[in-house]
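Undergrad: coords below, sequence missing:
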């Protein structure tokens, strides 16, 4: 979802986070391609936790030992406690990302958990933390995503190469990013080309686009997709940035002319999941906010 500029003490956002099965998280600079310190507070909060990112810049965090669950803003160290999230395995959280239906303080705000496992994000869980029973109410949803595209990228239906699909909300519009994988497909993340479509809701059809309105789209595995102002955050306009933890690369695609470049992240750790940390507007305005104090020395 669209993000706006704000002060980011301790972290130069957007940046890349590498999260591993051992529950460790390493921050990586987008501009300098090197590890960066997240700060004492963030390191302490995220240590030995299971993390699922949101496209609004917040992180859904759970302690696997106590089930304590909260939303965390790494840019400000703000924290919103939630009822313990049970009934969702650690592996599901690790292989998912989240969307918030509103600001965390808004009545009825729910968390949409988008699960990994296929070429399209069709398996969703709606998690309502506002239940009077003090336990989150979890509802499963399966999406029928059969919507017509303007083109098939030059392939018949049974001949299309494998692709990874991401949905991105930007300036009130819904976009679909399709990353076509290099053949022969061997379960890798090397991308051949990118296609971007905007949803025409009146005709229920995806329309091809040749620019992103000067913004940048940031995507990563497990269907994470977000839109960010390019000029305000040192990004190139009308680009799709794809980070791959499988081969430690950052792949940048120019939607206007179809060109792309691959940047090797040589100093990145070998992990199972990479995602984006984004600048965000203050999502706590008008509601409860808990600031996390830095650890004592």
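TA: Done, it's in. The shown structure was predicted, so the numbers you read here are calculated from the model rather than taken from an experiment.
Undergrad: For residue 34, give me its contacts.
TA: If you count contacts by Cβ atoms under 8 Å, 6 or more residues apart in numbering, residue 34 has them with 28, 267. Bear in mind the C-beta positions are built from the backbone N, C-alpha and C, glycine included.
Undergrad: what's the spacing between it and residue 218?
TA: Applying Cβ to Cβ, to the nearest Å, the value for residue 34 to residue 218 is 19 Å.
Undergrad: Residue 94 now?
TA: Taken as Cβ to Cβ, the span from residue 94 to residue 218 is 19 Å.
Undergrad: what about those two, which has more around it?
TA: residue 218 (28 against 18; other Cβ atoms under 10 Å).
Undergrad: The helix or strand encompassing that one pairs with which strands?
TA: Residue 218 belongs to strand 215-220 when assigned by DSSP states H and E. Here strand 215-220 has these sheet partners by DSSP bridges: strand 224-229 (antiparallel), strand 239-244 (parallel).
Undergrad: gap between stretch 35-42 and the chain center?
TA: 20 Å (Cα atoms, centre = their mean, to the nearest Å).
Undergrad: list the buried ones in that stretch?
TA: 36, 38, 39, 41, 42 (16 or more other Cβ atoms under 10 Å).
Undergrad: mind listing which of those are in helices?
TA: 41, 42 (DSSP state H).
Undergrad: biggest separation within the buried residues of stretch 35-42, which pair?
TA: Largest separation among those by Cβ to Cβ: 36 and 41, giving 14.6 Å.
Undergrad: I'd like to know the average pLDDT value across stretch 54-69.
TA: Averaging pLDDT along stretch 54-69 yields 91.
Undergrad: Stretch 279-289 now?
TA: On average, stretch 279-289 scores 49.
Undergrad: residues in contact with whatever helix or strand residue 165 lives in?
TA: Element membership for residue 165, per DSSP H and E: strand 163-170. With contact meaning Cβ under 8 Å, 6+ apart, strand 163-170 is reached by 1-2, 55, 119-121, 174-181, 191, 212-213, 215, 217, 219, 221, 223-227.
Undergrad: go with 6 Å
TA: 1-2, 120, 175-180, 215, 217, 219, 223, 225, 227 (Cβ atoms under 6 Å, 6 or more residues apart in numbering).
Undergrad: Which one of these is nearest to residue 79?
TA: For the contacts of strand 163-170, the nearest to residue 79 is residue 1 (20.1 Å; Cβ to Cβ).
Undergrad: Quick check: end-to-end length of stretch 228-246?
TA: 24 Å (Cα to Cα, to the nearest Å).
Undergrad: Check stretch 235-255 too.
TA: 14 Å.
Undergrad: Could you do stretch 229-240 as well?
TA: OK, stretch 229-240 end separation, Cα to Cα: 12 Å.
Undergrad: what does that stretch contact?
TA: 5, 31, 177, 194, 211-212, 214-217, 252-256.
Undergrad: Which one of those residues is nearest to residue 61?
TA: Among those, and counting by Cβ to Cβ, the member closest to residue 61 is residue 5, at 23.9 Å.
Undergrad: what pLDDT does that closest one get?
TA: So residue 5 comes in at 39 (pLDDT).
Undergrad: And for residue 114?
TA: At residue 114, pLDDT is 79.
Undergrad: How about residue 156?
TA: Value for residue 156, per-residue pLDDT: 48.
Undergrad: again, but for the one 10 residues further on
TA: What the model reports as pLDDT for residue 166 is 87.
Undergrad: Show me what it is bridged to.
TA: Here residue 166, judged by DSSP bridges, has bridge partners residue 177.
Undergrad: distance of it from residue 91?
TA: From residue 166 to residue 91 the distance is 21 Å (Cβ to Cβ).
Undergrad: quick one: what helix or strand has residue 193 in it?
TA: Assigned by DSSP H and E, residue 193 belongs to strand 191-200.
Undergrad: just the helices in the stretch 51-200 of the chain please.
TA: 90-94 (DSSP state H, counting those that start in this stretch).
Undergrad: Run through it and note the low-pLDDT ranges.
TA: 116-124, 131-134, 140-161, 183-189 (pLDDT under 70).
Undergrad: which residues in it form strands?
TA: 59-62, 69-73, 78-82, 96-100, 110-115, 123-128, 137-142, 148-149, 163-170, 173-181, 191-200 (DSSP state E, counting those that start in this stretch).
Undergrad: angle of the longest one against strand 163-170?
TA: Interaxial angle of strand 191-200 relative to strand 163-170 (axes from the mean of the first three to the mean of the last three Cα atoms, to 10 degrees): 40 degrees.
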